[in-house]
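Novice: Sequence plus the predicted model coming up.
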Amino acid sequence: MSTARAVRRPWTDLRFFIGLALIVLAVAGVWFIVAAAKQTSPVLQAAHTIVPGEPLTSADVRVVDVALGTVGTGYLTPGTLEPGLIAARTITEGELVPVAAAADADAGRTTAVVIRSAVPVPSTVAKGTEVELWSAAPLAEGRGFEEPRVLLPDATVASIDRDEGPLSAKTVTLELVVDRAAVGDVLTALTGGASLSVVPKGARS
């Protein structure tokens with residue numbers, strides 16, 4: 001005599017509900033990721049190169065909508081651009097402005113000095129270029145200069161003025177952003193008649 005087997009309906013099996021729940025969770029997770037990727041936030045982008053110590057104002061940035069996900073809080077937004085902020089480092093044109101690249105003006109540790117380079121400055125040097133400042137003190141006899149040495153290993157070009165005169169008379173004047181602690185050394189070199197030269201960082205062989 002045969003015994004009839006009871007037919008188990010799928011919806012009465014616990015494994016069926018677990019599997020169904022996993023499918024729903026997977027679909028929901030994919031939907032959430034796609035929705036987050038499409039979500040954009042307004043952040044600030046540098047409209048031009050901004051050097052350390054320069055004020056950060058609405059004229060220096062533009063608002064762009066970008067999809068940043070969870071890293072969006074690391075950038076300045078229109079609501080966080082407050083008066084009195086300055087650039088803490090060089091911010092290149094087109095770069096999204098990180099919160100860490102802004103500082104309060106009272107905490108600024110840089111200032112600007114103007115020098116004239118004794119040697120030609122490469123055409124690649126422009127606002128925002130990181131350079132070294134070299135100095136050669138005048139000889140005691142008054143003829144020539146001592147061997148050049150690095151006066152400042154780190155400076156940033158704030159502006160550059162290239163004289164368009166004859167090649168023999170061409171000079172380049174630069175405004176450099178330097179650490180306040182180094183201003184005394186630069187002024188001593190200038191008043192002492194030293195020959196100052198600007199060299200892009202990494203340009204030496």
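Specialist: Received, thanks. These numbers were taken from a predicted model, which means no experiment stands behind them.
Novice: domains in the protein, as residue ranges please.
Specialist: What automatic domain parsing lists as the domains of the chain is 41-106, 109-200.
Novice: Would you mind finding the longest strand in the chain?
Specialist: Across the chain, the strand with the greatest residue count (assigned by DSSP state E) is strand 149-162.
Novice: quick one: strands adjacent to that strand?
Specialist: Here strand 149-162 is paired, per DSSP bridges, with strand 130-136 (antiparallel), strand 172-179 (antiparallel).
Novice: What residues sit buried inside that strand?
Specialist: Using 16 or more other C-beta atoms under 10 Å as the test for burial, strand 149-162 gives L151, L152, A155, T156, V157, A158, I160. (Each C-beta comes from the backbone N, C-alpha and C, glycine too.)
Novice: Looking at the residues you listed, which is nearest I23?
Specialist: T156 (56.5 Å; C-beta to C-beta).
Novice: And that closest one, how far from G144?
Specialist: 30 Å (C-beta to C-beta, to the nearest Å).
Novice: Now do the helices in the chain.
Specialist: Per DSSP state H, the chain carries helices over the ranges 14-38, 183-191.
Novice: Between these, which has the poorest mean confidence score?
Specialist: For the helices of the chain, mean pLDDT drops lowest on helix 14-38, to a mean of 69.
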